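Engineer: A predicted structure for the sequence below; I have some questions about it.
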Number of protein chains: 2
Amino acid sequence: MTDLCEPTRSRKPSAPRRATLPQILNAAEWTFGTRGLKGTRVEEIAGLCGIPKANILYYFHSKEALYQATLARLLDIWLADADEWLSPERDPMEGMEGYIRAKMAFSRTRPEGSRLFAQELLSGGQMIQGFLKETLRAHVERHAEIFLAWQAKGLMRVIDPTHFMCLLWSGTQAYADMQVQFEALLDRESLLDTDYEAGIETFLTLIRPLFVQLG
Amino acid sequence: MTDLCEPTRSRKPSAPRRATLPQILNAAEWTFGTRGLKGTRVEEIAGLCGIPKANILYYFHSKEALYQATLARLLDIWLADADEWLSPERDPMEGMEGYIRAKMAFSRTRPEGSRLFAQELLSGGQMIQGFLKETLRAHVERHAEIFLAWQAKGLMRVIDPTHFMCLLWSGTQAYADMQVQFEALLDRESLLDTDYEAGIETFLTLIRPLFVQLG
DNA sequence: GTCTATATAATGATAGAC
DNA sequence: GTCTATCATTATATAGAC
């Protein structure tokens, strides 16, 4: 998946390539996440990089290829947080809080990435079928087993693990995907750190009862 | 807002207008929700209606005007459920369950509408600034007061009402907006009634502890 | 009001000089 | 590898017959 970022297979990337490629991918993540695949003009990405658009199409053969490369780079880091925080050894509620904070931090620091993923899902997810059906499904099954183990030990109340994970995602990603709605409701120019903190606290209030002493 | 659906102000709409307009708006909701504003071709909407695309642009002066009209019709029904279920008289937990079921039913029966709204938010919500800052904000403030009243009476645990509503929305709309993701995870061709039911039950499991006897 | 045909604008992609 | 200029395609919007 990572090699989508490298249209050619040179063993040692040249200096300009090492410098320009990440710059293009960063600009592409912002633009695709903000305008969508169809709404993005290659020229805007080029403008953000300060280079002519022909250069973009020199590195990536087409707009769609750049889109796929941008998605691929994003998906590589998408699931990283879960394995760190949701592990069998860790204390359940401590892991949940860490996971929610990590997901929320992603929505705060890289909102366009979250929006890019959301747009891809909304438009049918054709580009990420493989990721969804293989990587993500395996990821969810692995963590569902951890939840079920906690439940079997009486450390967690009985709840459907898959639907629970979906709720965790939608609730945390909403702070990126529905950002303009939240800004309007909270009457903010842009969301404050305290807003994200309040969102975390609200989430934790809902989740804590799952982990209290079950008696 | 409703009159955006009617480009002319004839007091008595002609018969073909009454027949064709809703058909166009239905097709537009599906197409805009599936492909986004930029990704939608007027010709596809026309094809779904079985009419030439020039007719679409006769009724609506531009693709963007049709987009706004489609959004306007959607927003008119967007908030209808809340006032029915979240009222001061009703039993809190009964109201919450009714509200969640209503929101989930919308995601099941009209997913393209939910996706259209989501796409508009993702792309910055320029078209619905007025709705967000006036109508929706007033809506949320009204229901936040109900939550706060419940909390003051000891009928509900203390939780931030605005962030709580945001969680309710993201969690229920996710079953439309992230539908392809859920289908991949649950290994379904398309989501079953039992999947939505399991989602509702998961949500209720999280919410019930907010309303147990507080002692 | 409904349709066919067309003008016009936007933009992805390429050719070819440097 | 980088750039300018251009081509080719696509799709919105309009003109005008019926």
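Structural biologist: Great, that's in hand. In this text, all values refer to a predicted model and were calculated from it rather than measured experimentally.
Engineer: domains in chain A, as residue ranges please.
Structural biologist: Domain segmentation of chain A under automatic domain parsing yields A:2-74, A:79-211.
Engineer: any chance of these in JSON lines, plus mean pLDDT and mean neighbour count?
Structural biologist: No exception for glycine: its C-beta is placed from N, CA and C like everyone else's. What follows is the domains of chain A, written out as JSON lines (pLDDT from 0 to 100; neighbours: other Cβ atoms under 10 Å in any protein chain shown):
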{"stretch": "domain A:2-74", "mean pLDDT": "87", "mean neighbour count": "16"}
{"stretch": "domain A:79-211", "mean pLDDT": "97", "mean neighbour count": "18"}
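Engineer: Nearest approach to B:L71 belongs to which of the ones you listed?
Structural biologist: Evaluated over the domains of chain A, closeness to B:L71 peaks at domain A:79-211, with 13.6 Å, by Cβ to Cβ.
Engineer: is any part of that closest one close to DNA strand C?
Structural biologist: No - no part of domain A:79-211 sits near DNA strand C under the criterion Cβ under 7 Å from any atom of the strand; the closest distance found is 14.3 Å.
Engineer: about what we covered before: out of the domains of chain A, flag the one nearest B:D83.
Structural biologist: Ranking those by proximity to B:D83 (Cβ to Cβ) places domain A:79-211 first, at 17.1 Å.
Engineer: Which other helices and strands does the biggest helix by length in chain A contact?
Structural biologist: The helix of greatest length in chain A, counted in residues with DSSP state H as the criterion, is given as helix A:15-39. The elements that helix A:15-39 packs onto, with contact taken as 3 or more Cβ pairs under 8 Å, 6 or more residues apart in numbering or on different chains; DSSP states H and E, are helix A:42-49, helix A:53-59, helix A:63-78, helix A:111-122, helix B:15-39.
Engineer: Just send these back as JSON lines, with distance to B:F203 too.
Structural biologist: Below are these laid out as JSON lines (distance: least, Cβ to Cβ, whole Å):
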{"stretch": "helix A:42-49", "distance to B:F203": "39"}
{"stretch": "helix A:53-59", "distance to B:F203": "44"}
{"stretch": "helix A:63-78", "distance to B:F203": "24"}
{"stretch": "helix A:111-122", "distance to B:F203": "20"}
{"stretch": "helix B:15-39", "distance to B:F203": "23"}
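Engineer: what's the spacing between A:V180 and DNA strand C?
Structural biologist: When Cβ to the nearest atom of the strand, to the nearest Å is applied, the distance between A:V180 and DNA strand C equals 22 Å.
Engineer: Quick check, that residue in contact with B:G125.
Structural biologist: Yes - with contacts defined as Cβ atoms under 8 Å, A:V180 counts as touching B:G125 at a distance of 4.2 Å.
Engineer: Between those two, which contacts overlap?
Structural biologist: In the contact map built from Cβ atoms under 8 Å, 6 or more residues apart in numbering or on different chains, the residues linked to both A:V180 and B:G125 are B:L132.
Engineer: re the thing from before, among the helices and strands packed on helix A:15-39, which comes closest to DNA strand D?
Structural biologist: helix A:53-59 (3.3 Å; Cβ to the nearest atom of the strand).
Engineer: any residue of that closest one up close to DNA strand D?
Structural biologist: Yes - Helix A:53-59 lies in contact with DNA strand D when judged by Cβ under 7 Å from any atom of the strand; the contacting residues are A:K53, A:A54, A:N55, A:Y58.
Engineer: and A:W78, how many neighbours?
Structural biologist: Summarising burial for A:W78: neighbours were counted as other Cβ atoms under 10 Å in any protein chain shown, giving 18.
Engineer: who touches it in this structure?
Structural biologist: Listed by Cβ under 8 Å, 6+ apart, the contact partners of A:W78 are A:F117.
Engineer: That one and chain B, how far apart?
Structural biologist: Computed with Cβ to the nearest Cβ, to the nearest Å, the distance linking A:W78 and chain B is 12 Å.
Engineer: again with A:E145
Structural biologist: Distance, A:E145 to chain B, using Cβ to the nearest Cβ: 14 Å.
Engineer: before we move on, what about A:Q68?
Structural biologist: A:Q68 sits 16 Å away from chain B, going by Cβ to the nearest Cβ.
Engineer: Isn't that residue up against A:G130?
Structural biologist: No - in this structure, A:Q68 sits apart from A:G130 without contact. The criterion is Cβ under 8 Å, and the distance is 11.1 Å.
Engineer: For A:E197, find the nearest of the helices and strands packed on helix A:15-39.
Structural biologist: Ranking these by their distance to A:E197 (criterion: Cβ to Cβ) puts helix A:111-122 first, at 16.4 Å.
Engineer: chain center to the closest one: distance?
Structural biologist: On the basis of Cα atoms, centre = their mean, to the nearest Å, the separation between the geometric centre of helix A:111-122 and that of its chain is 8 Å.
Engineer: what packs against it?
Structural biologist: helix A:15-39, helix A:63-78, helix A:92-109, helix A:161-177, helix B:111-122, helix B:161-177, helix B:179-186.
Engineer: Can you give me every residue that contacts A:W169?
Structural biologist: For A:W169, counting by Cβ under 8 Å, 6+ apart, the contacting residues are A:K103, B:A174, B:M178.
Engineer: quick check, nearest of those to DNA strand C?
Structural biologist: Lowest distance from DNA strand C to the contacts of A:W169 (Cβ to the nearest atom of the strand) belongs to B:M178, with 26.5 Å.
Engineer: State the distance from the residue lying closest to that closest one once chain neighbours are set aside to A:N26.
Structural biologist: With sequence-adjacent residues excluded and distances taken as Cβ to Cβ, 6 or more residues apart in numbering or on different chains, B:M178 is closest to A:L121, at 5.4 Å. Relative to A:N26, A:L121 is positioned 22 Å away (criterion: Cβ to Cβ, to the nearest Å).
Engineer: Check A:R90 too.
Structural biologist: According to Cβ to Cβ, A:R90 stands 33 Å off from A:N26.
Engineer: Also A:M178?
Structural biologist: For A:M178, the distance to A:N26 under the criterion Cβ to Cβ works out to 23 Å.
Engineer: and if you look at A:D187?
Structural biologist: Computed as Cβ to Cβ, the A:D187 to A:N26 distance reads 31 Å.
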